[in-house]
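Asks: Task: produce atomic coordinates for the following.
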Amino acid sequence: MEEHLQLVRPIALSFARRSGQCGEDLTQVGMLGLIKASSAYQVGGPVPFQAFARPHIRGAILHYLRDRSALIRLPRRVEEQAQRLCRQPIDQLDAKEQLMVARYRNKSRWCDLYDVAADSGQDHLIDLVAEDRRNQVHKALNDLPGHERDAIVRVVLQGASLRAVARDSGVSAMTIQRRVKRGLGSLSAALKQSQLSD
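Replies: Alright, predicted model coming up:
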């Protein structure tokens, strides 16, 4: 462990620059990844410890960034694609890719919605439509069965992990994932129906 402590800091600082998180915090998380790697490593194996430890360090930091530091939890597919795009020059990305990178980099920062609306030059009609839409979503959410509604509130709105919600509910993480998926499908259908009726 002591011989390989120097592996952690460069990886942690690299992620700190890209994510805007504290480098010291990410270094500590990376140390936990190093400890896991040292526990799982088989001495005398074909892979050197440095090559074995780096993915564990990166994995621990990525899990931390995805699960704990973001105000907005992006789907894993979007996270991975955005991380890949962040390594490319911004002028080589199209508008959609640039938007994805901007959202990824700003997911851990608060943004005042009132200021955004004021800066965008939208009139009050847009606010009324948005308020009506929020009311429709709220009603559709309240109409869901209790288990599905609770799963969506905890996982999607509050950002809790599937494991944490499963532990609190006394069921498996897969069950919570199914409840979220079913609930979101029901929400989507209800909102489409309300649009048709309007």
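
Asks: what's the longest helix in this structure?
Replies: Ranked by residue count under DSSP state H, the longest helix found in the chain is helix 173-197.

Asks: Check which helices and strands that one sits against.
Replies: For helix 173-197, the helices and strands in contact under the criterion 3 or more Cβ pairs under 8 Å, 6 or more residues apart in numbering; DSSP states H and E are helix 124-142, helix 146-152, helix 162-169. (Each C-beta comes from the backbone N, C-alpha and C, glycine too.)

Asks: Contacts made by it with the rest, please.
Replies: By Cβ atoms under 8 Å, 6 or more residues apart in numbering, the list of residues contacting helix 173-197 from outside reads 136-137, 140-141, 143-145, 147-152, 155-156, 162-163, 165-166, 169.

Asks: please redo it, this time with the cut-off set to 10 Å
Replies: Contact with helix 173-197 is made by 132-133, 135-137, 139-141, 143-145, 147-156, 160-169, 171-172, as judged by Cβ atoms under 10 Å, 6 or more residues apart in numbering.

Asks: same check, this time on stretch 6-24
Replies: Contact with stretch 6-24 is made by 25-34, 37, 49-50, 53-54, 56-58, 60-62, 64-65, 68-70, 82-83, 86-87, 104-109, as judged by Cβ under 10 Å, 6+ apart.

Asks: Over to stretch 80-91?
Replies: Residues beyond stretch 80-91 that count as contacts (Cβ under 10 Å, 6+ apart) turn out to be 15, 18-19, 62, 65-66, 74-75, 92-93, 97-98, 100-105, 107.
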